[in-house]
Each structure stands twice: as structure tokens, then as C-alpha cells.
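Asker: predicted model and sequence below, questions to follow.
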Amino acid sequence: MVNRLARRLQGGTITLVEPRETHHYQPGWTMVASGIWAAEKTMRLNAQFLPRGVKWLRDYADSIDADSKRITLVGGETLEYDFLIVASGIQLNYHLIEGMTPVLVGQHGIGSVYAGIEGASRTNQAIQTWLQSGHGRGIFTAAPTPVKCAGAPLKMTFTTLSRLEDTGRRDAFDVDYMAPGASFLSTLGR
């Protein structure tokens, strides 16, 4: 959004409030989990993406006073604004799945491409361990709730199927994909 505004606003002052030095290209996490990309390929310094003239405050927002058009940062600084764009992202609620925690990603055959770059890397290792076992069943699911990338579960299913084909032992594995609203699991391609 900063880049779009910088191109379109003549004479405007743009301030970005973002504490992280590194940008994570989250759509690439499926590629990491699939074993196609190294984790480093999904990370770049945020400074590379900022256009000239944008003031970058490396802090978290603490509160917004919309009536006074002010934002207070965790470090105590207060900023005034004419227009405010808030990019809150999406909240991951693994705790709403009984017994689930992001720490489990990569263990006991559990994978997730949403649990961060570390979780994507651990998911790749879990898939690799499963492939090396020589047989088994993989169940891939899509959440019935908003997620960062709704296509990621299907992409993971297809890339895993491709990896299975590469082993030459595809018939020793069952792969099921569960979509929201489906009342059954269907075994994919043999």
C-alpha cells in the first residue's frame, strides 16, 4: 500500500509503522513446505521495498484515537494523521482445535503452511519423513474459516502428490483431501 500511495500522492507525507526489518513472502511458505524453495527465498529486507520519502518507524502501534486522529506507538511516540490505513492481518487460532498448538507442526505427522516459516520448514520435514516411510495415508484439509491463502491446502496436496509420484511408490500411499462442506473424504488419483 505504501508503494501505491507514494506513486499517487504528490506532496503527501507517508509514515509506515512496522517493527519488522524482514518481510516474509507468505505465499512462498507453501513452496517451502513442499520442498521446492529454501526458506531464505521467502525473506527480504523491508528496506528494499520502501520508496523514497517514506518515513519508517520501527515500532508497534499501541492505540488509535480516531476522534483526535492520533496513533500512539508502544515506545510512547504519538503521531497525528489525516488518513490512516490499518493492515491488521489475520489471527491464527490453533488453540480452537482441541489439543492443537503451533509447536506440534512437524510432529506426529502434523503440518501447516500457516504457522510461519519455521512451521513450513517443519512441515516439509514431516512430509519427507512420511515419504521415506514408504507407505501411509495423508489427509489434507481446507479450513471452513477465513485463512491467509485459501488455495494453500490444495497446492500442498498437489505438490505432495507430485513428490509421491517421484518416489515411484505412489500406490503405497493414500492421499485424501477434505474440503469445507464435504461430507466424505475422497482418495485422490492413483
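Answerer: Perfect, I can see it now.
Asker: low pLDDT regions in the chain?
Answerer: Along the chain, segments meeting pLDDT under 70 span 182-190.
Asker: where do the strands sit along it?
Answerer: Along the chain, the segments classed as strands by DSSP state E run 15-17, 22-24, 43-45, 55-57, 61-65, 70-73, 78-80, 136-141, 173-178, 186-187.
Asker: please identify the most buried of those strands.
Answerer: Stretch with highest mean neighbour count among the strands of the chain: strand 173-178 (a mean of 18; mean count of other Cβ atoms under 10 Å). (Each C-beta comes from the backbone N, C-alpha and C, glycine too.)
Asker: given that one, what are its sheet partners and their directions?
Answerer: Applying DSSP bridges, strand 173-178 is found paired with strand 136-141 (parallel), strand 186-187 (antiparallel).
Asker: returning to what we had before: looking at the strands of the chain, which is nearest to residue 3?
Answerer: Closest of the strands of the chain to residue 3 is strand 15-17, at 10.4 Å (criterion: Cβ to Cβ).
Asker: what's in contact with that closest one?
Answerer: By Cβ atoms under 8 Å, 6 or more residues apart in numbering, the residues outside strand 15-17 that reach it are 2, 50, 54-57, 59-61, 71, 73, 79, 81.
Asker: neighbouring strands for it, and are they parallel or not?
Answerer: Here strand 15-17 is paired, per DSSP bridges, with strand 55-57 (parallel).
Asker: roughly how far is the strand it pairs with from the heart of the chain?
Answerer: Relative to the chain's own centre, strand 55-57 is displaced by 24 Å; criterion: Cα atoms, centre = their mean, to the nearest Å.
Asker: check stretch 108-124 too.
Answerer: The answer for stretch 108-124 is 10 Å, by Cα atoms, centre = their mean.
Asker: just the CA trace of that stretch, in PDB.
Answerer: Provided in PDB are the C-alpha atoms of stretch 108-124 (Å, rounded to 0.1, in the frame of the first residue of the first chain):
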ATOM      1  CA  HIS A 108       3.200 -36.700  14.700                       C
ATOM      2  CA  GLY A 109       2.500 -36.200  11.000                       C
ATOM      3  CA  ILE A 110       1.000 -32.700  11.500                       C
ATOM      4  CA  GLY A 111       1.700 -30.000   9.000                       C
ATOM      5  CA  SER A 112       0.700 -26.400   8.400                       C
ATOM      6  CA  VAL A 113       1.700 -23.800   6.000                       C
ATOM      7  CA  TYR A 114       0.200 -21.000   8.100                       C
ATOM      8  CA  ALA A 115       2.300 -21.500  11.200                       C
ATOM      9  CA  GLY A 116       5.200 -19.300  10.000                       C
ATOM     10  CA  ILE A 117       8.400 -20.100   8.100                       C
ATOM     11  CA  GLU A 118       9.600 -22.400  10.800                       C
ATOM     12  CA  GLY A 119       6.300 -24.300  10.600                       C
ATOM     13  CA  ALA A 120       6.500 -24.600   6.800                       C
ATOM     14  CA  SER A 121      10.100 -26.000   7.100                       C
ATOM     15  CA  ARG A 122       9.000 -28.500   9.800                       C
ATOM     16  CA  THR A 123       6.000 -29.500   7.500                       C
ATOM     17  CA  ASN A 124       8.500 -30.200   4.700                       C
END
